[in-house]
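S.K.: structure, please.
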Amino acid sequence: MRRTALAALCLAVAATTGLTGCLPGENKADSKPKGPFAGLTGGEIADRTVKATTGATSLRMKGDVPDDEDGGTIRVDMALNKKGECAGTMSMAGQGKADLIKTGDTVYMKYDEAFLRAQSKGESKADTDAAVAMLAGKWTKMSATGSDAKDIASFCDLDTVLGGAEDVNSDATRGKTTTVGGTPAIILHEKDGKDRYTLYVATEGKPYLLRVDSSSAKDPGTLTFSEYEKPVPAKTPAGKILDLDKLGA
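M.R.: Residues are numbered from 1 along each chain as shown. This is a model prediction of the structure:
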C-alpha cells in the first residue's frame, strides 16, 4: 500500500473542505431578506458552515479526491469520527477496492485482488502472485501507531481530515436553493483563481456542508458529506485476521 497516496488523500480532503484561499466575489446579502439564511451574505453562511462542520463529532464522506502520486483518483466512502475511528472503503482510480476499519489502536484492512495487483506494479510476477494468494479477500491488522499504518490512522481522525478549516474568511456568493439527498440546501459559489467550487449547505438544522463540487484542475470531482453525529460502525472484523506486524517482524 502506498502510504504517500493516503497522506495526499488526507491533505486533499482538508484543502477541499477548508474553503481556503478564495478570492473576493460578489458577497451581498439579500436586498429583501427572506428564506433560509435571510439577510446573510454568502461569506457569512460559509463561516457558519465551517463552524458547524468542523464541530461535528462524526460524519460520512463519499466521493473522489486526487492521488498526487500518480495523477489518478482515489474514491472513498468512509464514516469517521473525532475519536479516530473509521469504517468504509477506498479504491485507487477504480482499480479494485480496499475495506478499512480503525478501532482502538488497531487498523484493519481487506484488499481485493485487483487492488493488490494495481498496488504491486514494478514487483515481480512471483511476488505479486504471492501477495495476492496471502492477502486477497482476507482481513489484516496493523498497530495504528506503527510506521506502516500511521498515515492511514491519521486519515481516520476527523480532526485531521478537517484540519485547517477553522480560520476562514470566505467571500462565497449565494446561489439558489435545492436539495442534496433529500435535505434542503442552499448553493454557495467559491473561487480561487481559475478554480471554481460549488458548495451545498443544509438549510434545516445545523448548517452542515452537504456537498462540494470542484472544477479545480488539481482536485476536480465531488465530495458528499452525510450522517453527521451518527455512530461509526467501527468494529473488529469477525473470523481469522492476519497480523501484518508479526509477519514483518
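S.K.: model confidence score at the residue lying closest to Thr177 once chain neighbours are set aside, please.
M.R.: Using Cβ to Cβ, 6 or more residues apart in numbering and skipping the chain neighbours, the partner closest in space to Thr177 is Ile186 (5.3 Å). Any C-beta I mention is one placed from the backbone N, CA and C, and that applies to glycine too. The per-residue pLDDT reported for Ile186 equals 96.
S.K.: now do the contacts for Ile186.
M.R.: Ile186 is in contact with 36-37, 45, 174-178, 200-201, 203, counting by Cβ atoms under 8 Å, 6 or more residues apart in numbering.
S.K.: what's across from it in the sheet?
M.R.: When assigned by DSSP bridges, Ile186 has beta-bridge partners Thr177, Val201.
S.K.: ok, Met61 next?
M.R.: For Met61, the beta-bridge assignment (DSSP bridges) gives partners Met78, Phe225.
S.K.: so how far is Ala79 from it?
M.R.: Applying Cβ to Cβ, to the nearest Å, one obtains 8 Å for the distance of Met61 from Ala79.
S.K.: again with Thr49
M.R.: 20 Å.
S.K.: in terms of neighbours, single out the busier of the two.
M.R.: Remark: of Thr49 and Ala79, Thr49 carries more neighbours, 28 against 22, as counted by other Cβ atoms under 10 Å.
S.K.: tell me who's in contact with the more buried one.
M.R.: Thr49 sits next to 188, 199, 201, 207-209 when contact means Cβ under 8 Å, 6+ apart.
S.K.: same deal with Gly239?
M.R.: Each residue near Gly239 by Cβ under 8 Å, 6+ apart is listed here: Trp139.
S.K.: which SS class is it?
M.R.: coil (DSSP: H, G, I helix; E, B strand; the rest coil).
S.K.: which residue ranges of the protein form strands?
M.R.: 58-67, 72-81, 86-92, 98-103, 106-111, 139-143, 173-180, 183-192, 195-202, 209-214, 221-226, 242-243 (DSSP state E).
S.K.: the fifth one versus strand 139-143: what angle between them?
M.R.: What it means is strand 106-111. Here strand 106-111 points in a direction 150 degrees away from that of strand 139-143 (axes from the mean of the first three to the mean of the last three Cα atoms, to 10 degrees).
S.K.: which elements pack onto strand 106-111?
M.R.: Contacts defined by 3 or more Cβ pairs under 8 Å, 6 or more residues apart in numbering; DSSP states H and E place strand 106-111 against strand 98-103, strand 139-143, helix 150-155.
S.K.: alpha carbons of that strand, in CSV - could you do that?
M.R.: As requested, C-alpha coordinates have been extracted for strand 106-111 and formatted as CSV (Å, rounded to 0.1, in the frame of the first residue of the first chain):
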residue,chain,number,x,y,z
THR,A,106,-5.6,-1.2,15.5
VAL,A,107,-6.1,-0.7,11.8
TYR,A,108,-7.9,-3.5,9.9
MET,A,109,-7.8,-3.7,6.1
LYS,A,110,-9.1,-6.1,3.5
TYR,A,111,-7.9,-5.9,-0.2
